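Asks: okay, predicted coordinates and the sequence, questions at the end:
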Amino acid sequence: MAALLLLTGFLVACRSDALAESSANTSDNSAQILQTVDARLGGNSLRIWLARTHQEKAKGLMFFDSMADDQGMLFVYESPHFMSFWMKNTKIPLDLVFFTENLEINGWIKGMQPGYGLPERDLEHYSSELPAQYALELNAGSIERLSLKHGDRLEIPITLLYSD
């Protein structure tokens with residue numbers, strides 16, 4: 001019994017350390033560096049950063065000062081679910097495109113406003129209307145500029161799409 005209690009305490013301590021490390025890394029005031037992959041969406045070429053781990057998704061596009069028109073960040077999840085995003089420490093306005101498990105657009109949010117410097121209580125939460133497995137952040141105005149429509153498919157090497 002004592003061994004079980006020791007093991008349980010060790011696991012809780014390890015989890016607490018991992019959460020503290022994750023929290024500390026997302027509070028770092030620098031933009032993260034992620035793997036980039038070439039993709040196509042609605043006939044347009046894009047360079048996409050892949051946010052696959054919990055820590056990468058938590059930090060997202062925080063602290064980015066700008067992003068090229070052909071760039072974006074894809075949030076990768078294991079299964080479809082209703083999603084909610086906020087713009088904590090985000091400096092640039094963004095469009096958010098949601099995708100099914102088959103990488104087809106099933107919704108979007110246009111013109112999410114930067115939340116850099118705002119207290120958390122004042123940040124708006126942006127939510128998907130349908131369950132989605134992937135979400136792609138692009139510069140605000142990209143949905144219209146790229147002429148995206150529901151059902152457009154994101155073409156990306158499927159082997160790169162895994163999540164923690």
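Replies: Arrived safely.
Asks: isn't residue 62 up against residue 90?
Replies: Yes. At 5.8 Å, residue 62 counts as touching residue 90 under the criterion of CB atoms under 8 Å. C-beta: built from backbone N, CA, C; applies to glycine.
Asks: helices or strands up against the strand ranked longest in the chain?
Replies: As assigned by DSSP state E, the longest strand anywhere in the chain is strand 71-81. Packing contacts for strand 71-81, counted by 3 or more CB pairs under 8 Å, 6 or more residues apart in numbering; DSSP states H and E, involve strand 44-51, strand 132-139.
Asks: what's in contact with the helix or strand just after that strand?
Replies: The helix or strand immediately downstream of strand 71-81 is strand 84-85, counting by DSSP states H and E. With CB atoms under 8 Å, 6 or more residues apart in numbering as the test, strand 84-85 has contacts from 60, 96, 109, 112, 125-128, 135.
Asks: mean confidence score for strand 84-85?
Replies: The average pLDDT within strand 84-85 is 96.
Asks: that one pairs with which strands, parallel or anti?
Replies: strand 126-127 (antiparallel) (DSSP bridges).
Asks: check the offset of the partner strand from the chain's centre.
Replies: Centroid displacement of strand 126-127 relative to its chain, using CA atoms, centre = their mean, to the nearest Å, is 12 Å.
Asks: with just CA atoms, put the one helix or strand residue 143 maps to into PDB.
Replies: Following DSSP H and E, the helix or strand that holds residue 143 is helix 142-145. Taking C-alpha atoms only, helix 142-145 is exported to PDB below (Å, rounded to 0.1, in the frame of the first residue of the first chain):
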ATOM      1  CA  SER A 142      -7.800  35.400 -46.200                       C
ATOM      2  CA  ILE A 143     -11.100  33.600 -46.500                       C
ATOM      3  CA  GLU A 144     -12.300  36.100 -49.000                       C
ATOM      4  CA  ARG A 145      -8.900  36.700 -50.700                       C
END
